[in-house]
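Asks: Based on what follows, work out the 3D shape:
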Amino acid sequence: MSNECKCHFKEIKHKTPCEMVNKPRKLILGLFLLLLVDVIWVCSSELTKYIYQKESFEKPFFSTYVKTSMFTLYLLGLCFYPPWKDYINKTPKYTQLETEVEEEPVQTEDNGSLSPPTYVPLKWGEKPEKCSGSESDDASLHKAVKFCKLAEVRHMSETNASDAFWARLSYHASIKAGHLAKRAANRLSIEQVAKIAFTFCLLWFVANYTFQAALVYTEASSVALLSSSSSIFTLLLAAIFPSSVADKFTLSKFIAVIFSIFGLVMVSLSNSRFEINLSLGIILSLVSAFFYASYLVFLRRLVDNDDKMEIPIFFGFVGLFNFLLLWPTFFLLHYCKWESFEWPNKHQWTCLIINGLIGTVLSEALWLWGCLLTSSLIATLALSLTIPLSMLADMVLSTVAYSTFFYIGSIPVIASFIFVTFLLHHDNNDPLYQLCKRVLPQESRLSDAELEQRESLIGINEDHEA
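Replies: Numbers count the residues shown, from 1 in each chain. Okay, here's the model as predicted:
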């Protein structure tokens, strides 16, 4: 069996759990990942607030640059993690099983499919035991058969060996193997992943930097509320640049997004310190929401499912390109007095590293994975859940009391998230639009009947005039 066949056999035998899940399980896994990321981001925002206020280190560009550069840790997996090493070195040649194969006559002549002959010494086995009670046995003692001491060996070509391997598989194994082979053929190469990361690295950095900078000028609750407008940008951009049927614009999705934002406004009003004034922080929050939605929609347009590329490798290249391209910005910000360069102390470094590893390196990979398993709109609506979760954390940790608006406003936020998930599970149905169609046709039928009646009356009048 050739090495290529052995690799395919290992892929069939050792499949990851994610490769075996169907659509409902993928949806459940994606929802779990998004909710887990919400919890991580709430903890990360609390740590960011601690770094800015308690540690007096208000350096949004420095913080974003350090946390983004930590993505390069994922590239170490290319050296030490065996599946990723195979992902680089191996290009799948066999893409799919042929379902219709034309029968061809068997060719007995050598058509060049075998390698040139090589001769190896022949290994003799044990001699057969003699049989008794036969005259032929006595006669055979006087005869001798000479065998060649060398064996001719020819190796089958990799193509024919691969075909022979697939032919020996059972029906169910061949179906699974064909599915794996097709998925491996559609997987992006390491060069393609690097190109995509280079395209989106600045888009991702701008979205995160503007969010961090907005926290310096505006209250965290105001920034979180305005960042939730990314769901509107996502809905509109996904409708213009759809990646799948799940991104189709529907009336039900639009109402769900408006309903969610209405709930977020009520939740924010429960905070007595909440106020929105037109400032630089508000503008930065809206810019962050737009760039985050753009990054998500256009990336999902290129990578429509989680099987196409390894998400950690993508973020590893994002961190590498940001690390190499953005360091001159420190000089620009320092001399423009936008953000003076200052080296953090040991305790500040500890907080930055912990926040970067958990709140950025781990959470961003999980969040993008959850987005590819569900949809871009569900992923952005999941961000809205961080607002009631952060206030709930304040209630538990800081014993902060909120008004009834908090509890009333949390209901539409959670309900919108569940409703859009329900729409995705039922193949992107639009129940509100169907409901409107059931009501509106009755009015249109009445108008059609009136029109027919008028036409008949006009015809009668014309007959009388004639």
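Asks: And the strands in the stretch 101-250 of the chain?
Replies: 118-121, 150-153 (DSSP state E, counting those that start in this stretch).
Asks: start to end distance for stretch 371-379?
Replies: End-to-end distance of stretch 371-379 (Cα to Cα, to the nearest Å): 5 Å.
Asks: Contacts only, for F315.
Replies: Contact partners of F315, counting by Cβ atoms under 8 Å, 6 or more residues apart in numbering, are F71, Y74, A197, V361, E364, A365, L368. The way it works is simple: take the backbone N, C-alpha and C, and place the C-beta from them, glycine included.
Asks: Reformat those as CSV; add neighbour count.
Replies: Formatted as CSV, those follow (neighbours: other Cβ atoms under 10 Å):
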residue, neighbour count
F71, 27
Y74, 23
A197, 23
V361, 22
E364, 22
A365, 21
L368, 24
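Asks: Report the contact partners of S375.
Replies: S375 neighbours (Cβ under 8 Å, 6+ apart): S244, A246, D247, V420, L424.
Asks: same thing with C371?
Replies: Listed by Cβ under 8 Å, 6+ apart, the contact set of C371 reads G30, L34, L296, R300, I378, A379.
Asks: in what helix or strand does it lie?
Replies: helix 363-373 (DSSP states H and E).
Asks: Other residues contacting the helix or strand following that helix?
Replies: Reading on from helix 363-373 to the C-terminus, the next helix or strand found by DSSP H and E is helix 376-384. The contact list for helix 376-384 (Cβ under 8 Å, 6+ apart) reads 30-31, 34-35, 37-38, 41, 227-228, 230-231, 234-235, 238, 243, 246-247, 253, 256-257, 260-261, 264, 292-293, 296-297, 300, 367, 370-371, 413, 416-417, 420-421, 424.
Asks: same thing with stretch 294-304?
Replies: 188, 196, 200, 203-204, 207, 233-234, 237-238, 241-244, 247, 309, 368, 371-372, 376, 379-380.
Asks: count of residues packed around T199?
Replies: A total of 14 residues lie near T199 under the criterion other Cβ atoms under 10 Å.
Asks: Distance check, it against V42.
Replies: T199 sits 30 Å away from V42, taking Cβ to Cβ, to the nearest Å as the criterion.
Asks: what do you get for V265?
Replies: Distance from V265 to V42, by Cβ to Cβ: 19 Å.
Asks: circling back to that earlier point, buried subset of the contacts of helix 376-384?
Replies: By neighbour count, with 16 or more other Cβ atoms under 10 Å, those hold 30-31, 34, 37-38, 41, 227-228, 230-231, 234-235, 238, 243, 246-247, 253, 256-257, 260-261, 264, 292-293, 296-297, 300, 367, 370-371, 413, 416-417, 420-421, 424 as buried.
Asks: What about these, which are in helices?
Replies: Within the buried ones among the contacts of helix 376-384, residues falling in helices by DSSP state H are 30-31, 34, 37-38, 41, 227, 230-231, 234-235, 238, 253, 256-257, 260-261, 264, 292-293, 296-297, 300, 367, 370-371, 413, 416-417, 420-421, 424.
Asks: L320: neighbour count?
Replies: 20.
Asks: between the one helix or strand it maps to and helix 363-373, how many degrees?
Replies: Applying DSSP H and E as the criterion places L320 in helix 311-325. Going by axes from the mean of the first three to the mean of the last three Cα atoms, to 10 degrees, helix 311-325 is angled at 130 degrees with respect to helix 363-373.
Asks: Now the element after helix 311-325, going C-ward?
Replies: helix 329-335.
Asks: which secondary element of the protein has the worst mean pLDDT?
Replies: helix 17-20 (a mean of 44; mean pLDDT, DSSP states H and E).
Asks: From what I see, G319 and T72 are in contact.
Replies: Yes - the pair G319 and T72 qualifies as a contact (Cβ atoms under 8 Å) at a distance of 4.3 Å.
Asks: Please identify which of those two sits among more neighbours.
Replies: G319 (25 against 19).
Asks: Can you tell me how far the more buried one is from W367?
Replies: Counting by Cβ to Cβ - G319 and W367 are separated by 15 Å.
Asks: Check L235 too.
Replies: From L235 to W367 the distance is 18 Å (Cβ to Cβ).
Asks: Equivalent analysis for M309, please.
Replies: For M309, the distance to W367 equals 15 Å [Cβ to Cβ].
Asks: Likewise for P431?
Replies: Applying Cβ to Cβ to P431 and W367 gives a distance of 28 Å.
Asks: Nearest to L440 among the contacts of F315?
Replies: Checking these against L440 by Cβ to Cβ gives L368 as the nearest, at 40.2 Å.
Asks: so what's the closest one up against?
Replies: L299, I311, F314, F315.
Asks: In TSV: those residues, plus pLDDT and distance to R25.
Replies: Converted to TSV, the contacts of L368 look like this (pLDDT from 0 to 100; distance: Cβ to Cβ, whole Å):
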residue	pLDDT	distance to R25
L299	87	23
I311	84	18
F314	90	23
F315	90	24
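Asks: Closest one of those to A167?
Replies: Lowest distance from A167 to those (Cβ to Cβ) belongs to I311, with 35.5 Å.
Asks: How much space separates the closest one from R300?
Replies: Taken as Cβ to Cβ, the span from I311 to R300 is 12 Å.
Asks: Spell out which residues are contacts of both of the two.
Replies: L372.
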